[in-house]
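Peer 1: can't give you the sequence, but here's the structure:
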C-alpha cells in the first residue's frame, strides 16, 4: 500500500497529465475499487463492466480531489465510485422513467408554479402529496426520477421536519453516500459568488422567505425569485460534473 505522502505526490502528477502516475494509482487501489463494486454484483451489470465503471469513478476522484476537503483520498474514492455506478444504472441501465411518472411530474411542476404565485413560497412535500392524493415518498420519487428543476437539497418542511433536506427523506444506504453528497454540495457552493452564497444561506439554511431576503439585499422579491432559480440550475450543473 502506498503511503499518504506517496499517494498525494502521485495524485499531483496525475492531475498534471502523467499517465504513469494514474496507472500506478489504479493498480495500488484496485482492491479498494473491487471491494466497493461488490455491493452491485447481481444487479444486471457484468462484473467486468462494474470494474470499468469503478475505474471511471476512480479517475474522476483523482481529477477532482482537493486536500482542502480534509479527507483521506480513499475516503473520497468510495463515494465517487458508487456515484459513477449509480449514474450508469440511472441513465444507461435498465431503470427507466415511465410515462405515468413523467405525466405526474408535469402536473406537480404546474401545481408548484401556481402555488408559488399564490402563496409566495414553495409548497411542502406534504401539501403536494395531499393535492394529488399520493404518499410523500411518491412525490419525492417522482420529482427526483423525472429530474424536475428542483434541488434535492431544497428544504423539506412540515411541523416536525422543518429545515430538513429532501434528500434526507430517502433511506440512508451507509455513510459513503452522505460523504458524496457533502463533498458535491460543498464544491457546488464554492462555485457561487458571494451574493448567491448569501441567498442560499438565507433561503435554505436559515429558512428565510424570498421577501425577507429581498429586504436584506435591498432588491425586489421578483429578483430574488429569478436569482434563486438561476442558482439552483447552476448548482445542479456543478453537481452533474462531480457525479
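Peer 2: Thanks, I have it. Computed from a prediction, not measured in an experiment: that's the story for all the values here. Numbers count the residues shown, from 1 in each chain.

Peer 1: And the strands in this protein, which stretches?
Peer 2: 155-156, 164-165 (DSSP state E).

Peer 1: For the last one, give the mean pLDDT please.
Peer 2: Looking at strand 164-165 alone, the average pLDDT works out to 48.

Peer 1: And for the first one?
Peer 2: Averaging the model's pLDDT scores along strand 155-156 yields 48.

Peer 1: Start at 813, not 1
Peer 2: OK, 813 is where the count begins now, so the last one is strand 967-968.

Peer 1: surely residue 838 meets residue 867?
Peer 2: Yes - counting by Cβ atoms under 8 Å, residue 838 touches residue 867, with 6.2 Å between them. Where you see a C-beta, it was placed from the backbone N, CA and C, and this is true even at glycine.

Peer 1: between those two, what contacts are shared?
Peer 2: residue 845 (Cβ atoms under 8 Å, 6 or more residues apart in numbering).

Peer 1: how close does the closest residue to residue 897 other than its chain neighbours sit to residue 1004?
Peer 2: Leaving aside its sequence neighbours, residue 897 sits nearest to residue 865 (Cβ to Cβ, 6 or more residues apart in numbering; 5.0 Å). Residue 865 sits at a distance of 30 Å from residue 1004 (criterion: Cβ to Cβ, to the nearest Å).

Peer 1: neighbour count winner among the two?
Peer 2: residue 865 (22 against 16; other Cβ atoms under 10 Å).

Peer 1: Thought residue 896 was touching the more buried one, still the case?
Peer 2: Yes - using Cβ under 8 Å, residue 865 is in contact with residue 896, at 5.3 Å.

Peer 1: Count the residues that sit near residue 915.
Peer 2: Residue 915 has 12 nearby residues by other Cβ under 10 Å.

Peer 1: Repeat that for residue 817.
Peer 2: Other residues close to residue 817 by other Cβ under 10 Å number 8.

Peer 1: next one: residue 814
Peer 2: Going by other Cβ under 10 Å, the residues that sit close to residue 814 add up to 15.

Peer 1: Which residue, neighbours along the chain excluded, lies closest to it?
Peer 2: Residue 814 sits nearest to residue 840 (Cβ to Cβ, 6+ apart), 5.1 Å away.

Peer 1: Against residue 872, how distant is the one you found?
Peer 2: Distance from residue 840 to residue 872, by Cβ to Cβ: 17 Å.

Peer 1: The two: which is more packed in?
Peer 2: residue 872 (18 against 14).

Peer 1: tell me the contacts of the closest residue to that one other than its chain neighbours?
Peer 2: Leaving out its chain neighbours, the residue that sits closest to residue 872 by Cβ to Cβ, 6+ apart is residue 892, at 5.5 Å. By Cβ under 8 Å, 6+ apart, the residues touching residue 892 are 869-870, 872-873, 876, 992.
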